[in-house]
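> Got a sequence here, can you build the structure:
(one chain, ligands or ions: 1)
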Amino acid sequence: MKKVFALVLSVLLIGFLAACSGGQSASGTDGEDESASGEKVIKAGIGLNQDHPQYKGLLKFKEIVEEKTDGSITVDTYHSGQLGDDRSMTEALQLGTQEVVIPSTAPLANFVPEFSVFDIPFLFPNEQVADEVLAGDTAQGLLTKLEEQNLVGLAYWENGFRDLTNSERAVASIDDFDGLKIRTMENDLHLDAFKALGANPTPMAFTELFTALQQGTVDGQENPYATIYLEKFYEVQDHVSNTHHIYSPFVFLMSKSFFDGLSEEEQQIVKDAALEAGEHQRKLNREANEEYVQSLQDEGMTYTEISDENRQEMVDAVQPVIEEYKEDIGAETVDAIFEEVEQAQ
Ligand code: TK8
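Residues are numbered from 1 along each chain as shown. Here you go, the predicted model:
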């Protein structure tokens, strides 16, 4: 009798524990692919944390979609790499185990090489030109190319101008890059550009970056101020320079198999929501990037302005890399983007 009681008790206990450990999303729903009434569920993941404008933009997307579909689509949101890094989450969309991710374009170039055009250093002189070119034919055409990879690119969002931090020295000129172990995104053009600047770059997923900085595996990294501040890199980095060496877009990606399963009306709703939430995110991101330059100094980081003359030295040093990658990216895409940058100025 005792054995039967123990067996029943253990079965009940296992059931109870399983119910408690269901993948609870940050937005409070149960993270299942289909809700109880068979409604559609979008599992959406990002790598940055809940304080970043990217997550606030994702919450805006959730709000719009759930309101406009009257709850027939719910959005479960996950931040801080809970579902993986940019590359692994993009692969999850291809497999159909996740519905949305918003990666930087750099890792996306591993799926569609033409996206590396946005990794050309010093391509965009300012945000206004970036906005105009991303709304232009070439950038919009790249979104269409994603469909060959079972991905739908619904909108460009903003990561922003990338700036260098490190724990070794203030970087004011190209000579100061010498030998610095810099983490870059997983993108060959980024790697070779930093080698051309004299650094010793290492590609790494964002989810591993803070620990690598903390342990000294790498000396530095490069990201927009909002990321540097909100991910608390100031706790493990001493110096920041306004290199502004690359403007990174994000792409709001949806699994094509999921998107194709939506009604025409639902497809229009998620498209419009990604665009509207992107405008909201871009506004928050620009305010944040302005605000956090001072915040980083308040947290004890040295801030170094790169002079125009010193920045020109960096621009000159990376030109051979741009020439080398032109064919890999697609000469037509590179020429078209440069033409559109010229027209937008
Ligand atoms: C976050 C990344 C991050 C990017 C990087 O998932 O990897 O440094 O700038 O924002 O997409």
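
> of all the residues in the stretch 1-150 of the chain, which ones are close to the ligand?
Ile46, Gly47, Leu48, Asp86, Pro103, Ser104 (Cβ under 6 Å from any ligand atom). Quick note: C-beta positions are derived from backbone N, CA and C, even for glycine.

> Helices - which of these land there?
Mapping these onto helices (DSSP state H) picks out Asp86.

> which one of the residues of the stretch 1-150 of the chain next to the ligand is nearest the ligand?
The ligand lies nearest to Gly47 out of these, by Cβ to the nearest ligand atom, at 2.2 Å.

> Neighbours of that closest one, how many?
Look at Gly47: counted by other Cβ atoms under 10 Å, it has 28 neighbours.

> Now do the contacts for whichever residue of the stretch 151-300 of the chain sits closest to the ligand.
Proximity of the stretch 151-300 of the chain to the ligand (Cβ to the nearest ligand atom) peaks at Phe206, 3.6 Å away. By Cβ atoms under 8 Å, 6 or more residues apart in numbering, the contact set of Phe206 is Gly47, Leu48, Gly81, Asp85, Asp86, Met185.

> I'd like the residues you listed written out as a markdown table, with pLDDT added.
A markdown table is the format used below for the contacts of Phe206 (pLDDT from 0 to 100):
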| residue | pLDDT |
| --- | --- |
| Gly47 | 98 |
| Leu48 | 98 |
| Gly81 | 98 |
| Asp85 | 97 |
| Asp86 | 97 |
| Met185 | 97 |
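
> Closest one to Pro201 out of the residues of the stretch 1-150 of the chain next to the ligand, please.
Using Cβ to Cβ, Ser104 comes nearest to Pro201 of those, at 15.9 Å.

> where in the protein is pLDDT low?
For the chain, the stretches with pLDDT under 70 are 1-38.

> where along it do the helices fall?
Along the chain, the stretches classed as helices by DSSP H are 2-20, 53-68, 86-95, 105-108, 127-134, 137-145, 188-196, 209-215, 225-230, 256-260, 264-298, 308-329, 331-344.

> coming back round to it: tell me the one of the contacts of Phe206 nearest Ala277?
Leu48 (14.8 Å).

> Spatially, and excluding backbone neighbours, which residue is closest to that closest one.
Gln54 (4.9 Å; Cβ to Cβ, 6 or more residues apart in numbering).

> pretty sure the one you found contacts Gly45?
No: contact criterion Cβ atoms under 8 Å: Gln54 and Gly45 do not qualify, at 11.1 Å.

> and these two? which has more neighbours close in?
Remark: of Gln54 and Gly45, Gly45 carries more neighbours, 28 against 25, as counted by other Cβ under 10 Å.

> Now the more buried one: closest residue in space, sequence neighbours ignored.
Leu83 (3.5 Å).

> what's near enough to touch the one you found?
The contact partners of Leu83, taken as Cβ under 8 Å, 6+ apart, are Lys43, Gly45, Met89, Ala92, Gln98, Val101.
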